[in-house]
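In: Turn this into a structure:
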Amino acid sequence: MERRERFARIILNGFESYFADFQNITLGARSRFENADWLGIHAATIQRIDLYKLKVNFVLDTVELVAGEELRNYAFWRDTRKIYARLIRNHNNFEIAETFYNSVYNAVFEHEHVRNDYAFVFSSQGDIPLSDSSPVLRYYAVENSLRDTIEKLLVDYRFNIPYEDLSRDVDRLLEAFQEELVLVSDFDINRKDVRMEVLSHHFYRNKGAYIVGRILSGQDSMPFVLPLLHNEDGGVYVDTVLFGSNRVSVVFSFTRTYFMVDATIPSQYVLFLAKLMPAKPISEIYSSMGYNKHGKTYYHRSAVRHMESTTDKFVIAPGIKGMVMTVFTLPSYPFVFKIIKDRFTPPKEVTHEEVKAKYRLVKRADRAGRMADTQEFTNLAFARDRFSDELIEELKQVAPSQIEEHGKALIIGHLYVERRMTPLNLYLQDATDLEVEEVMDEYGNSIKQLAAANIFPGDMLLKNFGVTRHGRVVFYDYDEIVPLTDCNFRIIPEPRNEMEEMASQPWYSVGPNDIFPEEFRLFFSGNQRARKAFDAKHSDIYEARFWQSLQEQIRSGYVESFYPYRRKLRFPREEEPSLLGNT
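Out: Predicted coordinates for the structure are as follows:
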């Protein structure tokens, strides 16, 4: 038993080391914001994502020495799990510690034989600690005036650099709060018990810092977020205020880079955020705070329970079939499952490993609100009888190497899971003229914001973009993405004679990284209504110079601002023009 005890303690020590280093990277976010170190923020984000695997691998090297020949003995792991569960029984972050244990187990067994006897498929203490959020909240009673309360809140959340104009920001917030709360019929701003509850630390991402809380009147409450921006002249200002669960949910979207927030006990923050966004899965809240591995664990547990409580069958996802991935879904479940095909439809020539590398690139990139986060699974088991005959036939045809039947189980060797969205090409079929204009503007904004984040989508066909429930257009086909700075944008040369003009093939040389934006018009073939709406606002995408200018910005070290809200919601401000326009 001594060996098993040491084994369990090494894994727990590895988790504590990971969590401490995760916190240390996170704690630097405030200084990076105050110093306008935007490149440093991006580098720290990548460093924190990569940290998890580094720590798991370090622990793996150590436990191999301790376990010796017992390392692949399931009975040994059964005993170790019991000891580990005892060690973390009163741990503040036991749920994340369990996920770390699972990661070590999966590294040993390569995601095979994942059973609750050997790993924490389900928690030993419940899905989430019954944490009390009150220690991480600041409370503001609106005793004298709402204006005084807002001013005190901003002063309490000040930085080591001054507000650009505190009085102006307070006046703007007061007006916004009064206008919004008047619209809420059951919210009485004049009650004596009106109060605010605000999470004690800022949330940092990209070039913004966010204050998150809610205002209450009796039993009624209104969530809010205050985005704070750095004017890069040494001052901070409030950019807007976002009210309501829907707008707060967009701030914490699965399409955005993970936040940095000083949360010593993450579950305290998660439980409060769940009150503000009751429709958002807990797994996505954990992931949004940077605990994406535990978000995956929580997602899997929720998925298993959903499968057990429903009877509908998995079916091929609606839309045009992909050349690289086959996609299926469950009608009652808001996610899709994506499997890399064994053979790709011509002219696709990428390899399986190249596709996986693209997904890793997305995980580490600033997704700018325009690329869906994914969860990656290996050897995931499903109930065979939940698959429609049509889907089974499809999988056997396009990805036979990825499926294996074991009795009543269907094992899928490798897949990605992401939020289900309405494919843009399908959305356009039933859209009104106004909806077409709005969604095509969003489509253009999506392309431009990805480019500003140094991502070139490659295949920009409408079918490769989805529309979220909030009306945002998101890219989700990653097999051709590359860093924008790796591309060579060119103008198609003028033909020198009639023979060249009539040629069916290019008469000019084309390098492997050459891209001709004039050809992007082909992405709208067959949908002139969509093209007309797009051209009205985003025809600059057809110009090589537009892309070259973005490349120059990126190479100069400039970092674009990505706002998790519409620009029309921002408080009035003089700003320098952006290549992205009004996005």
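
In: Domain-wise, how is the protein divided?
Out: Domain segmentation of the chain under automatic domain parsing yields 2-109, 134-291, 310-420, 423-569.

In: Show me the one of those that comes nearest G126.
Out: Nearest to G126 among the domains of the chain is domain 2-109; the distance by CB to CB comes to 8.0 Å. Placement of C-beta: from N, CA and C, glycine included.

In: now do the same end-to-end measure for that closest one.
Out: 23 Å (CA to CA, to the nearest Å).

In: pLDDT (mean, whole number) over it?
Out: Mean pLDDT, domain 2-109: 96.

In: likewise stretch 266-281?
Out: The model assigns stretch 266-281 a mean pLDDT of 96.

In: Give the next helix or strand downstream of the helix or strand harbouring S221.
Out: Element membership of S221 [criterion: DSSP states H and E] is strand 220-230. Sequence-wise, the next helix or strand downstream of strand 220-230 (DSSP H and E) is strand 236-238.

In: Let me know the next secondary structure element after that following strand.
Out: Past strand 236-238, the next helix or strand by DSSP H and E is strand 242-243.

In: Other residues contacting stretch 313-322?
Out: 326-331, 336-337, 382, 386-388, 390-391, 394, 420, 423, 425-426, 463, 477 (CB atoms under 8 Å, 6 or more residues apart in numbering).

In: swap the cut-off to 7 Å and go again
Out: By CB atoms under 7 Å, 6 or more residues apart in numbering, the residues outside stretch 313-322 that reach it are 327-331, 336, 386-388, 390-391, 394, 423, 425-426, 463, 477.

In: okay, it in CSV with CA atoms only?
Out: What follows is stretch 313-322, C-alpha atoms only, in CSV (Å, rounded to 0.1, in the frame of the first residue of the first chain):
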residue,chain,number,x,y,z
LYS,A,313,-30.9,8.5,-32.4
PHE,A,314,-27.7,10.1,-33.7
VAL,A,315,-28.1,11.2,-37.3
ILE,A,316,-26.0,12.8,-40.0
ALA,A,317,-25.8,16.5,-39.3
PRO,A,318,-27.8,18.7,-41.8
GLY,A,319,-26.0,20.6,-44.4
ILE,A,320,-23.5,19.9,-47.2
LYS,A,321,-21.2,17.0,-46.4
GLY,A,322,-17.6,18.0,-45.7
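
In: Report the rounded mean pLDDT for it.
Out: On average, stretch 313-322 scores 91.

In: Please point out which parts of that stretch sit buried.
Out: K313, F314, I316, A317, G319, G322 (16 or more other CB atoms under 10 Å).

In: how about TSV for those, with secondary structure added?
Out: TSV is the format used below for those (DSSP: H, G, I helix; E, B strand; the rest coil):
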residue	secondary structure
K313	coil
F314	strand
I316	strand
A317	coil
G319	coil
G322	coil
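
In: can you tell me which of the contacts of stretch 313-322 are in strands?
Out: V327, F328, T329, V336, P423 (DSSP state E).

In: The second one and I392 touch, don't they?
Out: No - counting by CB atoms under 7 Å, no contact exists between F328 and I392, whose distance comes to 10.1 Å.

In: Just want to know which of those two has more residues nearby.
Out: Of the pair F328 and I392, F328 is the one with more neighbours under other CB atoms under 10 Å, namely 21 against 15.

In: Next up, the contacts around the closest residue to V184 other than its chain neighbours.
Out: Distances taken as CB to CB, 6 or more residues apart in numbering put M222 closest to V184, at 6.4 Å, once the chain neighbours are dropped. When contacts are counted by CB under 7 Å, 6+ apart, M222 is found next to L181, V184, F187, R214, I215, F243, G244.

In: just to revisit the earlier point, would JSON lines of the domains of the chain with distance to Y299 be doable?
Out: Formatted as JSON lines, the domains of the chain follow (distance: least, CB to CB, whole Å):
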{"stretch": "domain 2-109", "distance to Y299": "11"}
{"stretch": "domain 134-291", "distance to Y299": "4"}
{"stretch": "domain 310-420", "distance to Y299": "6"}
{"stretch": "domain 423-569", "distance to Y299": "17"}
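
In: For V121, which of the ones you listed is the nearest?
Out: domain 2-109 (7.9 Å).

In: Over stretch 157-174, what's the mean pLDDT, rounded is fine.
Out: 97.

In: looking at the domains of the chain, which is closest to R301?
Out: domain 134-291 (8.6 Å).

In: how far out from the middle of the chain is that closest one?
Out: 20 Å (CA atoms, centre = their mean, to the nearest Å).

In: before we move on, back to that, quick one: which of the domains of the chain is nearest S124?
Out: Among these, domain 2-109 sits nearest to S124 (CB to CB), with 4.1 Å.

In: before we move on, back to that, which of the contacts of stretch 313-322 are buried? Put it as a PyMOL command.
Out: To isolate the buried ones among the contacts of stretch 313-322 in PyMOL, judged by 16+ other CB under 10 Å, type:
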select buried, resi 327+328+329+330+336+387+391+394+423+425+426+463+477
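
In: which stretches of the protein aren't confidently modelled?
Out: 1, 185-186, 500-501, 525, 575-579, 581-583 (pLDDT under 70).

In: residue closest to the middle of it?
Out: Geometric centre of the chain, nearest residue: F254, 3.4 Å, by CA atoms, centre = their mean.

In: for this protein, what's the longest helix?
Out: Identified as the longest helix of the chain according to DSSP state H is helix 38-67.

In: what inclination does that one have with respect to strand 220-230?
Out: Helix 38-67 and strand 220-230 are oriented at 110 degrees to each other (axes from the mean of the first three to the mean of the last three CA atoms, to 10 degrees).

In: Tell me which other helices or strands the helix or strand containing S446 touches.
Out: Under the criterion of DSSP H and E, S446 resides in helix 433-452. In terms of contacts (3 or more CB pairs under 7 Å, 6 or more residues apart in numbering; DSSP states H and E), helix 433-452 is packed against helix 424-429, strand 465-467, strand 473-475, helix 528-538, helix 544-555.

In: Is it possible to get JSON lines of these that adds distance to Y237?
Out: JSON lines is the format used below for these (distance: least, CB to CB, whole Å):
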{"stretch": "helix 424-429", "distance to Y237": "35"}
{"stretch": "strand 465-467", "distance to Y237": "32"}
{"stretch": "strand 473-475", "distance to Y237": "29"}
{"stretch": "helix 528-538", "distance to Y237": "28"}
{"stretch": "helix 544-555", "distance to Y237": "23"}
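
In: quick one: terminal-to-terminal distance for stretch 153-166?
Out: First-to-last distance for stretch 153-166 - CA to CA - comes to 11 Å.

In: what does stretch 138-147 give?
Out: Terminal-residue distance, stretch 138-147 (CA to CA): 17 Å.

In: Pull out the buried positions in that stretch.
Out: R138, Y140, V142, L146, R147.

In: and these, which of them are in strands?
Out: R138, Y140.

In: hang on, the earlier thing: list the buried residues of the strand holding S221.
Out: S221, M222, P223, F224, V225, L226, P227, L228, L229, H230.

In: now do stretch 199-215
Out: 199-215.

In: distance between the ends of it?
Out: 12 Å.

In: Nearest spatial neighbour of Q449, chain-adjacent residues omitted?
Out: A368 (4.6 Å).

In: Would you list the phi and psi of T378?
Out: Backbone geometry at T378, expressed as degrees, to the nearest 10, gives phi -120, psi 140.
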